[in-house]
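Novice: Below: sequence and its predicted model.
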Amino acid sequence: MTAERDLRVLLSDLSPERRPGRYVYATVPDGTLPGGVAPVVTVRESEGLTLVLLEAEAAAAGLTYTYVAGWITLRVHSALEAVGLTAAVSLALTDAGISCNVVAGFHHDHLFVPYERVDDAVAVLERLAAESRTG
């Protein structure tokens, strides 16, 4: 499957998928991944290793965490060099008052939104896709 670059096609084919679970952000100052956790995202920063992982895993590992989120995957295969997808998605969620943390994977973009607003966010993204198709 070829990665898509055209913004109109990307928006039309968003296909947001809610992933099960409650995800949280935690940090490990010494950069050592604790045993028993399988983060879905890691980011190495000068202050430590940021982890995005299931809330239950963070709690079991004794990690302090913040931002309980739902995980939405945009099923469209977006090219890493595509221009405007993150901006368009962020603007739509901003207009709905929903915060969003975006992570680009090789094949898809992943959004972490407040857990209590994840269904609202999916609805916003589905509406954005529908509007882009009729555009």
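Specialist: Alright, I've got the coordinates.
Novice: hey, let's count contacts and neighbours off CA atoms from now on
Specialist: OK.
Novice: doesn't Leu74 make contact with Asp109?
Specialist: Yes. Assessed by C-alpha atoms under 8 Å, Asp109 is found in contact with Leu74 at 5.5 Å.
Novice: What ranges does the protein have for its strands?
Specialist: Assignment of strands within the chain using DSSP state E yields the ranges 16-28, 41-45, 48-54, 65-74, 101-104, 109-114.
Novice: so of the ones you listed, which one's packed in deepest?
Specialist: The densest packing among the strands of the chain, expressed as mean neighbour count by mean count of other C-alpha atoms under 10 Å, is seen in strand 109-114 with a mean of 23.
Novice: Who are the packing partners of it?
Specialist: When contacts are defined as 3 or more C-alpha pairs under 8 Å, 6 or more residues apart in numbering; DSSP states H and E, strand 109-114 sits against strand 65-74, strand 101-104.
Novice: That strand to strand 48-54, inter-axis angle?
Specialist: Note on geometry: by axes from the mean of the first three to the mean of the last three C-alpha atoms, to 10 degrees, strand 109-114 and strand 48-54 are set 80 degrees apart in direction.
Novice: ok, and what's touching strand 109-114?
Specialist: Under the contact criterion C-alpha atoms under 8 Å, 6 or more residues apart in numbering, strand 109-114 has outside partners 23, 67-75, 78, 98-104, 121.
Novice: Could you do stretch 85-96 as well?
Specialist: Contacts made with stretch 85-96 from outside it, assessed by C-alpha under 8 Å, 6+ apart, are listed as Leu7, Leu10, Leu11, Ser99, Cys100, Val102, Ala121, Val124, Leu125, Leu128.
Novice: quick check, distance from that stretch to the centre of its chain.
Specialist: Centroid separation for stretch 85-96 versus its chain: 13 Å, with C-alpha atoms, centre = their mean, to the nearest Å.
Novice: In that stretch, which residues are buried?
Specialist: Judged by neighbour count (16 or more other C-alpha atoms under 10 Å), stretch 85-96 contains these buried residues: Leu85, Val89, Ser90, Ala92, Leu93.
Novice: Thank you kindly, that will do.
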